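Q: sequence and predicted structure are below.
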Amino acid sequence: MWKVVIAPTAQKSLESVLNKNLKLGIARGLYRLSRNPEESGRLLLGPLAGLRATYLEGDWCRIVFRMVDSEIQIVSITFNSAEKKNQKDLLDLARGLFRMRLL
């Protein structure tokens with residue numbers, strides 16, 4: 001099992017979560033990550049080369065990390081708003097229907 005180290009910025013993100021169920025979901029995700037980080041995260045490209053990212057179930061939380069020796073260093077934890085995603089999906093659907101002249 002890998003040791004998980006959380007950066008101060010990621011720690012602030014974790015402390016901002018008030019819902020106990022969300023905290024439990026994040027804790028489970030970090031545990032899974034510590035068990036098998038090579039398969040959990042995908043490599044990032046460009047200026048973020050050398051880092052990996054993984055999403056928790058439902059894509060509501062993204063964890064960016066790097067693997068150093070036997071440590072997983074959590075660099076960032078960000079949360080996605082389901083409202084924004086739903087709005088974007090609806091706008092894309094409306095644009096498609098408009099292009100096909102169905103709306």
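A: Ah, there it is. Numbers count the residues shown, from 1 in each chain.

Q: for E39, which three-state class applies?
A: helix (DSSP: H, G, I helix; E, B strand; the rest coil).

Q: what segments of this protein are strands?
A: Here the chain has its strands, by DSSP state E, at 3-6, 42-43, 52-55, 61-68, 71-79.

Q: out of the ones you listed, nearest to S34?
A: Nearest to S34 among those is strand 3-6; the distance by C-beta to C-beta comes to 5.1 Å. C-betas here are computed from N, CA, C, even on glycine.

Q: buried set for the closest one?
A: Buried residues in strand 3-6, defined by neighbour count with 16 or more other C-beta atoms under 10 Å: I6.

Q: before we move on, what about stretch 58-67?
A: 60-61, 63-67.

Q: chain center to that stretch, what's the gap?
A: 3 Å (C-alpha atoms, centre = their mean, to the nearest Å).

Q: how about the most centrally placed residue in the chain, what does it touch?
A: Centroid-nearest residue in the chain: R62, 0.7 Å away (criterion: C-alpha atoms, centre = their mean). The contact partners of R62, taken as C-beta atoms under 8 Å, 6 or more residues apart in numbering, are 53-56, 76-80.

Q: which of the residues you listed lies closest to L22?
A: Nearest to L22 among the contacts of R62 is F79, at 8.4 Å by C-beta to C-beta.

Q: I figured the closest one hits D59, correct?
A: No: using C-beta atoms under 8 Å as the test, F79 is too far from D59 to be in contact (10.4 Å).

Q: ok so, going back, make a ChimeraX selection of the buried ones in the contacts of R62.
A: Restricted to buried positions by 16+ other C-beta under 10 Å, the ChimeraX selection for those reads:
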select :53,54,56,77
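
Q: show me which of the contacts of R62 is closest to I6.
A: Using C-beta to C-beta, I77 comes nearest to I6 of these, at 8.1 Å.

Q: pLDDT value on that closest one, please?
A: The per-residue pLDDT reported for I77 equals 90.

Q: hey, what's it bridged with?
A: Beta-bridge partners recorded for I77 (DSSP bridges): I63.

Q: thanks a lot, catch you later.
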